[in-house]
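Asker: here is a sequence together with a model predicted from it:
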Protein chains: 2
Amino acid sequence: MIKPSIPKGTRDFSPNVVKKRNYILDIVRSVFKKYGFQPLETPAMEKLSTLTGKYGEEGDKLMFRVLNNGDIYSAASQAKDSKSLATLLSKRALRYDLTIPFARYVAMHRNDIAFPFKRFQIQPVWRADRPQKGRYREFFQCDADVVGSESLLNEIDFLAIYDTALHLLGLRKYQININNRKLLSGLAEVIGKPEQLTDLTISIDKLDKIGMEGVRQELTARSFSAGEIASVVSFLEISGNNEEKLNQLQTLLKDSETAQLGIVELREVLENTYYSFYEEPVLNPTLARGLDYYTGTIIEVKAPKSVKMGSIGGGGRYDDLTGLFGVEGLSGVGISFGIDRIYDIMEELDLFPEMVAQSTQILFLQVEPGSVSSIYSLLNKLRAENIPAEIYPDAVKFKKQMKYANKRAIPYVGVIGEAELAAGTVSVKNMKDGQQEEIPKEDVITYLKDRDLT
Amino acid sequence: MIKPSIPKGTRDFSPNVVKKRNYILDIVRSVFKKYGFQPLETPAMEKLSTLTGKYGEEGDKLMFRVLNNGDIYSAASQAKDSKSLATLLSKRALRYDLTIPFARYVAMHRNDIAFPFKRFQIQPVWRADRPQKGRYREFFQCDADVVGSESLLNEIDFLAIYDTALHLLGLRKYQININNRKLLSGLAEVIGKPEQLTDLTISIDKLDKIGMEGVRQELTARSFSAGEIASVVSFLEISGNNEEKLNQLQTLLKDSETAQLGIVELREVLENTYYSFYEEPVLNPTLARGLDYYTGTIIEVKAPKSVKMGSIGGGGRYDDLTGLFGVEGLSGVGISFGIDRIYDIMEELDLFPEMVAQSTQILFLQVEPGSVSSIYSLLNKLRAENIPAEIYPDAVKFKKQMKYANKRAIPYVGVIGEAELAAGTVSVKNMKDGQQEEIPKEDVITYLKDRDLT
């Protein structure tokens, strides 16, 4: 008998973890809904033709492919190497993110969808990455996007969604950073290297990790001149409040029309009073974001500085989500919440309310065979009132039943012994302070409701 | 450009479908919780060593295996046929049901679990079955089990859970059938064929499909004698109310101790008044259930006769769930809800409340650029009150904005034009009856709350 285990990089989610994760997801979901977003779910498996080539060579390697059923032996004979063998033996793979399946969905259903299409999607994705602390092979993504609208009101809503949701979760002092890709395009133009925009973006994106000196070296290696690098550095070192930064950027990038458009967009997003932020978004010219497809606003949310966790969410505007699937001209903007990291932060800062881990409110012990019927009449009433309640199913030793209540963290234990049965009462024990009260059966619901922690 | 599509047998769940499915799942989940069940989630992928051999040869064939990453080419060279190739190239497979992962979880975490362990689990499973109407390659299972308790109170609770949940969903006249495997064992004993219990069970399980004459033929083919078959038929034809059936069974199977124990168990489950059923469970001696591992109570819930749908749920007691994983002696009982079928029935009978498909309660149109700020001050208040509300993000033609409201089935449309802006009002249009009212801005929340459909 081999000791059972699960695949490397995957996790069992025990009841308390599921409850805590659902606490986060329920809040995020409720905020999405308040803003008019609707839920979408796509299959775990997609055709390889949908996924291949969308995530770079690295992504193709890290995809979990599903082996074809049926006669794979003869198909395999034509293979020349591992790559061609994989192609011959699989035509489906597990979802690698939620963005490509969403684009595929929009392209497939474009005639039925009411545009602008505002959807959220919370589902697991799978990547054959080397597992390490905080990095799993199966993890949840939590995305919201609007496609089919170029209005910057969408950006304003997404900033508000981050702020509302994170505040509701109990987080404080998170930093909502915003930038616009058009500024980076403008910078590349202004220094005369528009064709090296991607190099520039990739280098700037590493600033947090490698520091300004590292960025200088990177750019030198990518054959930027000393003068060009000086311009990049002065761009990255812009400081002040949002208004001051915008004014400096406007001057620095005055020769780029693209950059000026980016500044207009940033002003529109930042200089309005449509929503009052708990934590004001901060214009951060050093924000670049790795992904190629962003073309306008980019957003990244960082964890409070007191926890060393980095980014807990990000997103941006893209001009062409569905072009890959033959539907051109659909601009969109989207964000995602890093659920696993938010979970870890909330654990670290002890932000989960006590009631989250709780389920059953009262456990009735079996101490007197004649009282089961009486207990059930109470259970029915409690359950009808949506108060989770149980009877310990087996008439075992008192101690064993109490141990179960303790291990499950059930806050109240009810006993109907011979005396209580005769008197029409229940002895209710508060498991936290050990206090015990004998109360009339008909008062149990009110008693628990007054003390309801759920 | 190839038209995008999804793998055969899988489905996209569009917003309205997700909302309806969540309506069902939320109700089922709330009932599980009221009875003290806790959520569990396990990974989509399990090791093949966990899954292989647990579902018979057919199951091994229908499992979706995940291709190993890395050098599969040299590994493949040792293969002799498709089966050995699959073994060489994959060490993981997608979950085939929720029962085996649950057993694996219990075995792995037995030292941390508070027994009796009451868990529910609602997750997709994958099977490479030939897709057909109502049969998918990715579908949700919805299970609840108690392990570590032999008490029949668990059975009583599960019957109540079915009845409560189905009634809350709006279903009526569903049939909760109950039987006990010990009766079938007893029948096999009494006719002198205890070693052919499985043959007997499989034949009886087909009664619904092939009729009594079919069962006779099956049993003849399996070398049961005419006399033996006559006994089986008289067992299957037992009729009357539960009490009458139990009395007849008691006489018919008087020579089997096992059967008598089954009858005692059935009496304990059926002859109590712990819970008042909307639809009383019916003892059905012809109920056999396909699965091998049931040893006591078996339950099956059938759809109302007005819809031709068959079973919408089932379960039973098993003596040894985790023995496969080295943990002996854990008895358990569990049930499952056939979510896809319940969904189809509710569509057919029009049981989804109108509000389920609704999300955004009011859409504000953009007709007057100067009113956006005023609209946002309202949006903030509505959203703070958990009333989903949107502004149409682009200042496009009125008609296009209205078309969006219609397509999204948004019940109210709000307009703040020049006149309303001056008067501090909103014109609210009821999209159903076309009625329009101009109301003060500060009354909008009350107005919508009075008409809240969510």
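Answerer: Ah, there it is. Residues are numbered from 1 along each chain as shown, chains lettered A, B, ... in the order given.

Asker: who are the contact partners of A:Tyr73?
Answerer: Contact analysis of A:Tyr73 by CB atoms under 8 Å, 6 or more residues apart in numbering or on different chains lists B:79, B:81-82, B:85. For glycine as for every other residue, the C-beta is placed from the backbone atoms N, C-alpha and C.

Asker: if you set the cut-off to 6 Å instead, what comes out?
Answerer: Applying CB atoms under 6 Å, 6 or more residues apart in numbering or on different chains, we find A:Tyr73 in contact with B:81-82, B:85.

Asker: out of those, grab the one that's most surrounded.
Answerer: Neighbour tally across the contacts of A:Tyr73 (other CB atoms under 10 Å in any protein chain shown): the maximum, 25 neighbours, falls on B:Leu85.

Asker: go ahead and confirm that residue touches B:Ala79.
Answerer: Yes. With contact defined as CB atoms under 6 Å, B:Leu85 reaches B:Ala79; the gap is 3.7 Å.

Asker: angle of whichever helix in chain A runs longest against helix B:15-34?
Answerer: Secondary structure assigned by DSSP state H gives helix A:15-34 as the longest helix of chain A. Angle between the axes of helix A:15-34 and helix B:15-34 is 140 degrees (criterion: axes from the mean of the first three to the mean of the last three CA atoms, to 10 degrees).

Asker: re the thing from before, restrict the contacts of A:Tyr73 to contacts with chain A.
Answerer: B:81-82, B:85 (CB under 6 Å from any CB of the partner chain).

Asker: just give me the closest of those residues to chain A.
Answerer: Checking these against chain A with CB to the nearest CB, the nearest one is B:Ser82 at 4.2 Å.

Asker: which ones are touching that closest one?
Answerer: Counting by CB under 6 Å, 6+ apart, B:Ser82 touches A:71-73.

Asker: quick one: low-confidence ranges for the stretch 251-400 of chain A?
Answerer: Within the stretch 251-400 of chain A, the ranges that satisfy pLDDT under 70 run A:291.

Asker: show me the helices in it, by range?
Answerer: For the stretch 251-400 of chain A, the helices defined by DSSP state H, counting those that start in this stretch occupy A:257-270, A:339-348, A:372-384, A:398-407.

Asker: list the buried residues in the first one.
Answerer: Going back to what we said before, that points to helix A:257-270. Across helix A:257-270, burial judged by 16 or more other CB atoms under 10 Å in any protein chain shown covers A:258-263, A:265-267, A:269-270.

Asker: the stretch 251-400 of chain A against chain B: which residues are in contact?
Answerer: The stretch 251-400 of chain A comes close to chain B at residues A:274, A:325-326, A:359-360, A:376, A:383, A:388, A:390, A:393-394, as judged by CB under 6 Å from any CB.

Asker: check those for burial and list the buried ones.
Answerer: A:274, A:325, A:359-360, A:376, A:383, A:388, A:390, A:393-394.

Asker: so which of these is the closest to B:Trp126?
Answerer: Among those, A:Phe325 lies closest to B:Trp126 (CB to CB), at 24.4 Å.

Asker: the closest one against A:Arg110, yeah?
Answerer: No. Look at A:Phe325 against A:Arg110 with CB under 6 Å: they stay out of range, at 9.4 Å.

Asker: quick one: contacts for the closest residue to chain B within the stretch 201-350 of chain A?
Answerer: Residue nearest to chain B within the stretch 201-350 of chain A: A:Tyr274 (3.7 Å; CB to the nearest CB). A:Tyr274 makes contact with A:156, B:376, according to CB under 6 Å, 6+ apart.

Asker: list the single closest residue to A:Ser203 in space, sequence neighbours excluded.
Answerer: With sequence-adjacent residues excluded and distances taken as CB to CB, 6 or more residues apart in numbering or on different chains, A:Ser203 is closest to A:Glu218, at 4.2 Å.

Asker: how about the nearest residue to A:Phe277, chain neighbours excluded?
Answerer: Of all residues not flanking A:Phe277 in the chain, A:Asp163 sits nearest, at 5.0 Å (CB to CB, 6+ apart).

Asker: gap between the one you found and A:Glu280?
Answerer: 9 Å (CB to CB, to the nearest Å).

Asker: higher neighbour count, those two?
Answerer: Neighbour comparison, A:Asp163 and A:Glu280: the larger count goes to A:Asp163, with 22 against 13 (by other CB under 10 Å).

Asker: confidence score at the more buried one?
Answerer: Predicted confidence (pLDDT) for A:Asp163: 98.

Asker: quick one: the residue nearest to A:Phe277 is in a helix?
Answerer: Yes. If the criterion is DSSP: H, G, I helix; E, B strand; the rest coil, then A:Asp163 is within a helix.

Asker: so where do the helices sit in the stretch 101-250 of chain A?
Answerer: With helices called from DSSP H, counting those that start in this stretch, the stretch 101-250 of chain A shows them at A:153-168, A:181-190, A:197-205, A:207-221, A:226-236, A:242-252.

Asker: what's the least confident stretch among these?
Answerer: helix A:197-205 (a mean of 90).

Asker: among the contacts of A:Tyr73, which are in helices?
Answerer: Using DSSP H, the members of the contacts of A:Tyr73 that fall within helices are B:82, B:85.

Asker: Provide a list of residues in contact with A:Val426.
Answerer: Going by CB under 6 Å, 6+ apart, A:Val426 touches A:414, A:416, A:420, A:441, A:444.

Asker: in strands, which of the residues you listed fall?
Answerer: A:Gly414 (DSSP state E).

Asker: can you report how many residues lie near the closest residue in space to A:Asp340 that isn't next to it in sequence?
Answerer: Ranked by CB to CB, 6+ apart and with sequence neighbours excluded, the top spatial neighbour of A:Asp340 is A:Phe139, at 5.7 Å. Per other CB under 10 Å, the neighbour tally for A:Phe139 reads 18.

Asker: gap between A:Phe139 and A:Arg127?
Answerer: Per CB to CB, A:Phe139 is found 8 Å from A:Arg127.

Asker: with A:Thr10 instead?
Answerer: 11 Å.

Asker: same check on A:Gly56?
Answerer: A:Gly56 is 13 Å from A:Arg127, by CB to CB.

Asker: next: A:Asp320.
Answerer: Distance from A:Asp320 to A:Arg127, counting by CB to CB: 24 Å.

Asker: the two - which one has more neighbours?
Answerer: A count of neighbours by other CB under 10 Å puts A:Arg127 above the other of A:Asp320 and A:Arg127, at 21 against 15.

Asker: next, that one: phi, psi?
Answerer: phi -140, psi 130 (degrees, to the nearest 10).

Asker: that one against A:Leu62, yeah?
Answerer: Yes. Counting by CB under 6 Å, A:Leu62 is a contact partner of A:Arg127 at 4.9 Å.
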